[in-house]
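1. Fold the following, please.
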Amino acid sequence: MDYEYFYSIILLGIAGFVALAFGIRKDNKKAMALFTLIVLALAFILSLIFSNNYSSYGLIFNDFDSFWALIFIASSMMIVIPSLNDIRGRYDVFYSLIIFMTLTMLVSAYTYNLLILFVSFEGVSIITYVLAAYNKTRRNLEGSLKYFIISTVGTAFNVLGISFFYLGLRTFNLFDVNHIYFDKAVLIAFIFIIIGFGFKLAIFPMQQWAIDTYDGSPNSISAFLSTGSKIVAYMILLKILVLGFSAFYNYVFYFFAILSILTMTYGNVAALSQNNLKRILAYSSVSQAGYLILVYALISYSYYNISSPVPAATYIRLGIATAMFYSLVYIFMKGGSFIAMSLIRKDKIMIDDIRGLSKKSPASAFSFWILLISLAGVPITGGFLAKYFLFFSLVAAGLWWLAVIAIINSVISVFYYFRIIRESYVYDSRVEFNLTPSVKYSLIATAVLTVAFGVVFFLYTYLVGIAVI
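-> Below is the predicted model of the structure:
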């Protein structure tokens, strides 16, 4: 057995317990954060090195799955330093939870067994319930409770969906599904699983918990909930739809085409009328979920409506590569936006609280500006390139009307993103800003990465080459 493929998972498992033991002896938050960052960096390197085709114990290690693993590790690394500003006490427990959560995300990246996918994803969910309430303020506890209750509903649907999937196909392994016939049990599984993960992805009309939870959680945790946690659910549903429900792709197309339009439009329109800055970003996260699930509609349309096997496979590969690239960029541009909320020393942050930021810290204001225009899809940013590839793939497959609707929604989003930018360049500051290095430089780093992803066209070409499920 080639144990080296499991090194990253083993490392995280051991490091989690070491973090607990070390923290009990000395509750030093900077030392704990540094230890966690080093461990995650080592796991990143190991996952990058050992990504050849290998399968053992229900886990599959290849370039496609390793890419998702790297995204998940990056999403955890992104919040380690900013959390120094957010978390109050028991740093040993907090950082060990970050490590264990990353471990469960890696397991979900490397498996195609529905049972393992479900257990690993629930591991992520349970830890995020704790993290959302970690500071135990009224707002934290309220947001976490809403998240827990709604996620429990989503979990129930997933359990039922996986059960009916097994009843119809007699397997939990997605690779064992060679042909799906029209079976009532599988159709019920299809409906339940989409609803279950719809709650987790916060797509319309299952999104309201996300608004309250993102607003009520510590800023670094909001950054993770809106990125890493969401992208795990997105990846799992992508695997299930591509391998598990090919017989229902016509239904999948119409279902997700409608849901994506409603989700994009609702998120953008709702954000226009908001004055609470974190809630604007939360509604923006909902609208971004609408763009992400357009890929599901693209893949299902290509499989069902394009008769020639070669172009159909090409469009499906383009769709999967687009999902991978968009997820990578989304992690940093959305996560960085929530990290920017830590610049303001308030629990309930209103849009005019950002005034004076450009005067107090031009670098922070400019970095926040970069992240916002990336979310809007303005050129020279990763967000523009991600949306360009998404729209290009839709038009190439003949779904130009969906691309037009998505472009219109992007134009709508420009209004509230530039409203925030305008406020940040008004000089009459109303609040005290928190310009500690842990927040300021984390924000700048996410902005730099977002711009870097806006010029790496070759990365998408590489992703097309490995986008095979």
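
2. Compute the distance between Lys346 and Asp353, please.
-> Remark: distance between Lys346 and Asp353 (CB to CB, to the nearest Å) = 6 Å. C-betas here are computed from N, CA, C, even on glycine.

3. Are there residues contacting both of the two? Which ones?
-> Shared contacts of Lys346 and Asp353, defined by CB atoms under 8 Å, 6 or more residues apart in numbering, are found at Val431.

4. out of the two, which sits in the more crowded spot?
-> Asp353 (23 against 13; other CB atoms under 10 Å).

5. Can you classify that one as helix, strand or coil?
-> Assigned with DSSP: H, G, I helix; E, B strand; the rest coil, Asp353 falls in the helix class.

6. so it makes contact with Arg430?
-> Yes - between Asp353 and Arg430 there is a contact at 6.1 Å, judged by CB atoms under 8 Å.

7. Could you count how many residues lie near Ile407?
-> When neighbours are counted by other CB under 10 Å, Ile407 comes out with 14.

8. who's in contact with it?
-> Phe391.

9. Which of the helices or strands spans it?
-> Under the criterion of DSSP states H and E, Ile407 resides in helix 400-424.

10. What mean pLDDT does that helix get?
-> Averaging pLDDT along helix 400-424 yields 90.

11. Okay, buried residues for that helix please.
-> By neighbour count with 16 or more other CB atoms under 10 Å, helix 400-424 contains the buried residues 402-403, 405-406, 409-410, 412-414, 416-417, 419-421, 423-424.

12. Repeat that for stretch 392-400.
-> Under 16+ other CB under 10 Å, the buried positions of stretch 392-400 are Ser393, Leu394, Ala396, Ala397, Leu399.

13. any idea where the helices of the stretch 1-150 of the chain begin and end?
-> 7-25, 29-49, 63-80, 83-86, 91-109, 114-132, 138-169 (DSSP state H, counting those that start in this stretch).

14. Tell me which of these sits nearest to Leu459.
-> When the helices of the stretch 1-150 of the chain are compared by CB to CB, helix 63-80 sits nearest Leu459, at 10.4 Å.

15. Just the C-alpha atoms of the closest one, please, in CSV.
-> This file holds the C-alpha atoms of helix 63-80, laid out as CSV (Å, rounded to 0.1, in the frame of the first residue of the first chain):
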residue,chain,number,x,y,z
ASP,A,63,-5.3,15.6,-10.3
PHE,A,64,-9.0,16.5,-10.3
ASP,A,65,-9.7,15.5,-6.7
SER,A,66,-6.4,17.0,-5.5
PHE,A,67,-7.3,20.3,-7.0
TRP,A,68,-10.4,20.5,-4.8
ALA,A,69,-8.3,19.4,-1.8
LEU,A,70,-5.9,22.3,-2.5
ILE,A,71,-8.9,24.7,-2.7
PHE,A,72,-10.2,23.5,0.7
ILE,A,73,-6.8,23.7,2.4
ALA,A,74,-6.4,27.3,1.0
SER,A,75,-9.9,28.3,2.3
SER,A,76,-8.8,27.2,5.8
MET,A,77,-5.4,28.9,5.6
MET,A,78,-7.1,32.1,4.5
ILE,A,79,-8.9,32.5,7.9
VAL,A,80,-6.1,31.5,10.3
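
16. What mean pLDDT does that helix get?
-> 92.

17. ok, now stretch 445-465?
-> The predicted confidence, averaged over stretch 445-465, sits at 89.

18. How is this protein divided into domains?
-> Domain assignment of the chain by automatic domain parsing yields the ranges 1-110, 111-466.

19. rank the ones you listed by mean pLDDT and give me the bottom one.
-> domain 1-110 (a mean of 83).

20. how about the nearest residue to Asp86 once chain neighbours are set aside, what does it touch?
-> Nearest residue to Asp86, sequence neighbours excluded (CB to CB, 6 or more residues apart in numbering): Pro218, at 3.9 Å. Shown in contact with Pro218 (CB under 8 Å, 6+ apart): Ser83, Asp86, Ile87, Leu131, Ala132, Tyr134, Asn135, Asn140.

21. hmm, try it at 10 Å
-> Shown in contact with Pro218 (CB atoms under 10 Å, 6 or more residues apart in numbering): 79, 82-83, 85-88, 94, 131-135, 137, 139-140, 143, 224, 338, 341-342, 347.

22. Mind checking which of these are buried?
-> 79, 82-83, 85-87, 94, 131-135, 139-140, 143, 224, 338, 341-342.

23. which non-adjacent residue is nearest Ile221?
-> Nearest non-adjacent residue to Ile221, counting by CB to CB, 6+ apart: Leu131, 4.9 Å away.

24. and what of Lys29?
-> Tyr91 (4.2 Å).

25. Please apply the same query to Met105.
-> Phe72 (3.9 Å).

26. Tyr249 and Tyr301 touch, don't they?
-> Yes - Tyr249 lies in contact with Tyr301 (CB atoms under 10 Å); the separation is 7.8 Å.

27. neighbour count winner among these two?
-> Tyr301 (26 against 19).

28. What angle do helix 400-424 and the helix or strand where that one lies make with each other?
-> Per DSSP H and E, Tyr301 falls inside helix 277-305. With axes from the mean of the first three to the mean of the last three CA atoms, to 10 degrees applied, the angle from helix 277-305 to helix 400-424 works out at 170 degrees.

29. The closest residue to Asn53 other than its chain neighbours: neighbouring residues, count only.
-> Counting by CB to CB, 6+ apart, Asn53 lies nearest to Asn62, which is 5.0 Å off, once chain neighbours are set aside. By the measure other CB under 10 Å, the count of residues near Asn62 is 16.

30. Pull up the gap between Ser327 and Ile87, please.
-> For Ser327 relative to Ile87 (CB to CB), the value is 26 Å.

31. Next: Ser75.
-> 17 Å.

32. Ile466 is in contact with Asn53, isn't it?
-> No - with contact defined as CB under 10 Å, Ile466 does not reach Asn53; the gap is 11.1 Å.

33. who has more neighbours, those two?
-> Higher neighbour count among Ile466 and Asn53: Ile466, with 17 against 8, using other CB under 10 Å.

34. which residue packs closest to that one, ignoring adjacent ones?
-> Asp63 (4.1 Å).

35. Quick check: that neighbour vs Ala109, distance?
-> Applying CB to CB, the value for Asp63 to Ala109 is 12 Å.

36. Of these two, which one has the most company?
-> Ala109 (27 against 15).

37. surely the more buried one meets Trp68?
-> Yes - counting by CB under 10 Å, Trp68 is a contact partner of Ala109 at 4.2 Å.

38. Common neighbours of the two, please.
-> The contact lists of Ala109 and Trp68 share Ser47, Val232, Met235, Ile236, Lys239, where a contact means CB under 10 Å, 6+ apart.

39. Might you report the residue contacts of Phe389?
-> Here Phe389 is in contact with Leu318, Gly319, Ala321, Thr322, Ala323, Phe325, Tyr326, Val329, Phe457, Tyr460, Leu463, Val464 (CB under 10 Å, 6+ apart).

40. Now do the SS call for the second one.
-> On the three-state scheme (three-state DSSP), Gly319 is labelled helix.
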